[in-house]
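>>> What follows is a predicted structure for the sequence shown.
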Number of protein chains: 2
Amino acid sequence: MICELISVGTELLLGNIVNTNTQFLAEKCALLGLSMYHQVTVGDNRERLSEAVRTALKRADVVILTGGLGPTEDDMTKEVCAEVMGFSLVEDAHTRERIEDYFKNSIYKDITDNNWKQAISPEGARVLDNENGTAPGLILEKNGKLCVLLPGPPNEMIPLFMGQVYPYLQKLRPEVIRSQMVKICGVGESQVEDKLLDMIDRQTNPTIATYAKTGEVHLRVTAKARSEEEAERLIKPVVKEIKKRFGDHIYSMKEGETLEMAVVRLLKKHELTVTTAESCTGGLLAARLVNVPGVSDVFREGFITYANRSKRKILDVSKSTLKKYGAVSEQTAKEMATGGVFATDADVCVAITGLAGPDGGTEEKPVGLVYIACYLREKVRVERYQFKGDRNKIREQSVVKALDLLRRSILEEER
Amino acid sequence: MICELISVGTELLLGNIVNTNTQFLAEKCALLGLSMYHQVTVGDNRERLSEAVRTALKRADVVILTGGLGPTEDDMTKEVCAEVMGFSLVEDAHTRERIEDYFKNSIYKDITDNNWKQAISPEGARVLDNENGTAPGLILEKNGKLCVLLPGPPNEMIPLFMGQVYPYLQKLRPEVIRSQMVKICGVGESQVEDKLLDMIDRQTNPTIATYAKTGEVHLRVTAKARSEEEAERLIKPVVKEIKKRFGDHIYSMKEGETLEMAVVRLLKKHELTVTTAESCTGGLLAARLVNVPGVSDVFREGFITYANRSKRKILDVSKSTLKKYGAVSEQTAKEMATGGVFATDADVCVAITGLAGPDGGTEEKPVGLVYIACYLREKVRVERYQFKGDRNKIREQSVVKALDLLRRSILEEER
């Protein structure tokens, strides 16, 4: 089954916003086993939208449109799709009621007339209730072709798609599709692909897809089968082989678990508390940890020591270390991590010191040089990295490596 | 002049990555005064890419393609465009030399044969040197139509476009286009649009475009004219009127200046140093400040006090305040900001305490409730916010409001 995406909105053509809907829908369609060959963006223009829908319906079985369902004159996705597919428009009493309810509980008391436009629906279409806005989603079906219409704002589109469209599309497929996520860090993307080359080359079912993130690589193993059991039977040996090849570099097998979530889970399991001592990352590491709900069991406080004086005063880094080796050195990183543990009652401290640039680099210590240290059970591990990219990129990579060092330190200690 | 964008890459069709190139290029094309009606994404497939290029050349004057210029078999953008436009392919000696140089300075010592593919160029095409990779950009021109080919990775595409394509396209236009950025924070998007409604309604030249960011709204005033002077004369009164309407809510007039940059500039101007005391944001505020190169003049250290005990120990928040009012309260925020200044030798301290959720909310103190305080010259300003969204969204909004409170506090004090 072939699927095509059409994004509707002049704000996309003007570059006012990044189109994240397309990435989200493309990933989910791949997961559903749908083939995708085209993604198209057009503005709020009747003629061009109409042509885009006609073309898409010729080359695809399922066309998913986002945007242009709102109350204004500019919004015409519904009208255009109805016209192209030959549906007449009628008022949907259920949607009218929902819009009334929505405004009853809203701070906007006056319902302007154009809002009722959103209760008009192609006759015979499946109306998808929108819990987060007034424009419902719609599914139009005719002659084996499907048009799915979704509102543009991601906070409305995503719940609508996942709650009502995904299961609907899933049922249309004769086979069952199951997938297993494998999340890897500490190995570069090309290295991961190298290590999997033989498996990727001979893959047919299951398939292995790689997704590169900053400092991480995610693998999705997807199998098609006639039953859930069969799909899982197909996935199992592939995942087992991947586990064998990457070992501890795999930090999670769960779709929704981030690296910081896995680290917090590990800290909780081993009843360890952690603190942070950051220079160039300036709080990004702590912020990643605090991003995890319930982190308070393992994280109480952290320090940003950007100036040398702060490193001395707060973390007790010695003056002679800073003078002899400099702030960006293995020795300073070690003393920062040690100092962090002694300044608090935490069991572990992760410290980061580096040159994020753009200025301040030398031949000996170029921009991108970062030392990361982890103190745990009277032992300090230090790692040296030379990152590429701009200030932000260097800082982001440092944080991922710091989280990974923390993770590996705990795993090694507990072995 | 009409422009169309074609993104090439199967990874986009699979949703492996978000297409940020399109937003970047669309915004820049709008700035150049080019009209855009279509954005298209196709995979690494000869037939479909060829059809997309043919279609685009029919409906647009300038077609910008990103991706598919690499060394592998899959990369075929150059070959397809040359074929469609009727160019023959020859080796470009200059590019061959550049590839040799690139690998000489690289950690990869062996140049595999397929890398030389990148030295092949359509005869008569303009070759754009790529400082950040081996695939050069290309401009193909024939019969008044233009194909611009750029590599897919943003760190290669952006410098190539800005350095060589943007000025090239600028010269093609008969009129001069100038624009002025106005960056606003502390006012919601719909409020900004309300306040500008009359101006937007009657706009023809200059135009006002609004770009919503988290907690900020950016306005771009763009004028077309026959000379630079005329364009600037058109822009001036519009910008003056906008300044009158938004006053201190305008934090910057510079394209590349972020809110944190503006705040650091202000701190430097008034010779003030700042420290941070963060609870729910967990270091995000400090990280935003440290994102500014040269921040060391005004920022030395910051604290993350997530646990109540840490607030007491590090910031000297009183036990009775925490007991009586709770950690998320005006009183605690005040004491955190005051404590931050006294724990360091900074002149100013910004403190954030709030409920980022998803759990822990009550009727009295719901998730999203955040107090932000700023201590400056023995005066503490506190603001209360009720944010919407998930944990991350609440934290991000808090940081923007904290930076803005810091900014406004300094402005008010210095008045």
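That came in fine, so what should we check first?
>>> okay, CA-based contacts and neighbour counts for the rest of this
OK.
>>> got the residues of the stretch 301-415 of chain A near chain B?
For the stretch 301-415 of chain A, the contact set with chain B under CA under 8 Å from any CA of the partner chain comprises A:301-307, A:310, A:357-359, A:391-392.
>>> Secondary structure and pLDDT added to those, as JSON lines?
Conversion of these to JSON lines gives the following (DSSP: H, G, I helix; E, B strand; the rest coil; pLDDT from 0 to 100):
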{"residue": "A:301", "secondary structure": "strand", "pLDDT": "97"}
{"residue": "A:302", "secondary structure": "strand", "pLDDT": "98"}
{"residue": "A:303", "secondary structure": "strand", "pLDDT": "98"}
{"residue": "A:304", "secondary structure": "strand", "pLDDT": "98"}
{"residue": "A:305", "secondary structure": "strand", "pLDDT": "98"}
{"residue": "A:306", "secondary structure": "coil", "pLDDT": "97"}
{"residue": "A:307", "secondary structure": "coil", "pLDDT": "96"}
{"residue": "A:310", "secondary structure": "helix", "pLDDT": "97"}
{"residue": "A:357", "secondary structure": "coil", "pLDDT": "88"}
{"residue": "A:358", "secondary structure": "coil", "pLDDT": "90"}
{"residue": "A:359", "secondary structure": "coil", "pLDDT": "89"}
{"residue": "A:391", "secondary structure": "helix", "pLDDT": "91"}
{"residue": "A:392", "secondary structure": "helix", "pLDDT": "88"}
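>>> Show me the helices in the stretch 251-400 of chain A, by range?
Using DSSP state H, counting those that start in this stretch, the helices assigned to the stretch 251-400 of chain A run over residues A:259-269, A:284-290, A:308-315, A:319-325, A:330-343, A:391-413.
>>> With mean neighbour count added, can I get those in CSV?
Putting the helices of the stretch 251-400 of chain A into CSV (neighbours: other CA atoms under 10 Å in any protein chain shown) gives the following:
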stretch, mean neighbour count
helix A:259-269, 20
helix A:284-290, 27
helix A:308-315, 19
helix A:319-325, 13
helix A:330-343, 24
helix A:391-413, 20
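>>> Which of those sits closest to residue B:167?
Comparison of the helices of the stretch 251-400 of chain A against residue B:167 by CA to CA identifies helix A:391-413 as nearest, at 26.6 Å.
>>> who does that closest one touch, helix- and strand-wise?
Helices and strands touching helix A:391-413, by 3 or more CA pairs under 8 Å, 6 or more residues apart in numbering or on different chains; DSSP states H and E, are helix A:259-269, helix A:284-290, strand A:348-354, strand A:369-376.
>>> Residue ranges in chain A under the pLDDT threshold?
Within chain A, the segments meeting pLDDT under 70 span A:105-112.
>>> What residues are bridge-paired with residue A:181?
Note on residue A:181: beta-bridge partners residue A:220, judged by DSSP bridges.
>>> about what we covered before: between all of the residues of the stretch 301-415 of chain A next to chain B, which two are separated the most?
Distance extremes for those: the farthest pair is A:301 and A:359 at 30.2 Å, using CA to CA.
>>> Between those two, tell me which one has more neighbours.
Summary of the neighbour comparison: residue A:301 and residue A:359, criterion other CA atoms under 10 Å in any protein chain shown, with residue A:301 having more neighbours (30 against 12).
>>> For residue B:348, see how far away the residue nearest to the more buried one when sequence neighbours are not counted is.
Using CA to CA, 6 or more residues apart in numbering or on different chains and skipping residues adjacent in sequence, the residue nearest residue A:301 is residue B:305, 4.7 Å away. Taking CA to CA, to the nearest Å as the criterion, residue B:305 is separated from residue B:348 by 17 Å.
>>> and if you look at residue A:313?
Summarising the geometry, the distance separating residue A:313 from residue B:348, computed by CA to CA, is 19 Å.
>>> Repeat that for residue A:31.
Using CA to CA, we find residue A:31 at a distance of 51 Å from residue B:348.
>>> Looking at the two, which one has more neighbours?
Relative neighbour count places residue B:348 above the other of residue A:31 and residue B:348, with 29 against 21, counting by other CA under 10 Å.
>>> pretty sure that one contacts residue B:341?
Yes - using CA atoms under 8 Å, residue B:348 and residue B:341 qualify as a contacting pair, with a distance of 6.2 Å.
>>> Show me whatever sits in contact with both of the two.
A shared contact of residue B:348 and residue B:341, defined by CA atoms under 8 Å, 6 or more residues apart in numbering or on different chains, is any residue touching both; here these are B:275, B:375.
>>> Many thanks, I have nothing further to ask.
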